[in-house]
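>>> fold the following and give me the result.
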Amino acid sequence: MTDADPTLRALAHPVRLRMLTLMWPGPMSAAELARELGISHALASRHLRRLDAADLVELAEERTRRGGRERRYRTVHGSPLSDRLDGARMLAATLAHTLQERAARRAPDGKGVTVDAELWVAPEVWEAARQRLADIAAELHDAACPPRAPGTIPVGVSLMTFPLQEAPHADADREL
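Residues are numbered from 1 along each chain as shown. This next block holds a predicted model:
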């Protein structure tokens, strides 16, 4: 991660990553985010300012509420994560942290899919699978509703898939 890259620095914190997810379906204020995340309003505001400075959120509306002005932000749609090579390890660490938190909240009878694999496949197989996974992610994002909307269930999705550089292999003549 570089000190000069505000996007990577903003994405380095699991709370900010979760905020982006919560604001994907529609705008939320710092107060709404604080309630949903169980953090202070001041902390939610600080994280929101960092996301705004990195252009990962945008002001969706301002309204008068309880004698003050409430600003509601939404996630800027797009995926700054997919093709970031310079911050891949940092993003993986943030995703791993988020995945651990979500796994602890997994519904006891909830069905899921768990995959961890390092596979060798033909390039055309990889590209077709990568596109299907991207389509599934887009389908879920398109269907996302505000937190706790009637008729919805919370689901966790963490996906980071990419081609690997070939790792050096062990000397075939060496005895184990």
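>>> what's the distance between residue 48 and residue 8?
Shown here: residue 48 relative to residue 8, a distance of 18 Å by C-beta to C-beta, to the nearest Å. For every residue, glycine as well, the C-beta is placed using N, CA and C.
>>> same deal with residue 148?
31 Å.
>>> for the two, work out which one has more neighbours and name it.
With neighbours defined as other C-beta atoms under 10 Å, residue 148 and residue 8 compare such that residue 8 has more, 21 against 8.
>>> pretty sure that one sits against residue 87.
Yes - contact criterion C-beta atoms under 8 Å: residue 8 and residue 87 qualify, at 4.0 Å.
>>> and whichever strand or helix holds residue 101, how far from the chain's centre?
Under the criterion of DSSP states H and E, residue 101 resides in helix 88-104. In terms of C-alpha atoms, centre = their mean, to the nearest Å, the centre of helix 88-104 is found 9 Å from the chain centre.
>>> would you agree residue 64 falls within a strand?
Yes - according to DSSP: H, G, I helix; E, B strand; the rest coil, residue 64 belongs to a strand.
>>> for the helix ranked longest in the chain, give the mean pLDDT please.
Taking DSSP state H as the criterion, the chain has its longest helix at helix 123-143. Here helix 123-143 scores 94 as its mean pLDDT.
>>> picking that back up, got the buried residues for the helix holding residue 101?
Using 16 or more other C-beta atoms under 10 Å as the burial criterion, the residues of helix 88-104 that qualify are 90-91, 94-95, 98.
>>> now do stretch 72-92
By 16+ other C-beta under 10 Å, the buried positions in stretch 72-92 come out as 72-76, 80-81, 87, 90-91.
>>> stretch 32-46 too?
Residues 32-34, 36-37, 39, 44-45 are the ones in stretch 32-46 that count as buried (16+ other C-beta under 10 Å).
>>> which ones among those map onto helices?
32-34, 36-37, 44-45.
>>> C-terminal to the lowest-mean-pLDDT helix or strand in the chain, what's the next element?
Between all helices and strands in the chain, the lowest mean by mean pLDDT, DSSP states H and E belongs to helix 6-11, at a mean of 83. Where DSSP H and E defines the elements, the next helix or strand beyond helix 6-11 is helix 14-23.
>>> on that earlier part again, give me the contact list for the longest helix of the chain.
24, 77, 82, 121, 155, 157, 159, 161, 163 (C-beta atoms under 8 Å, 6 or more residues apart in numbering).
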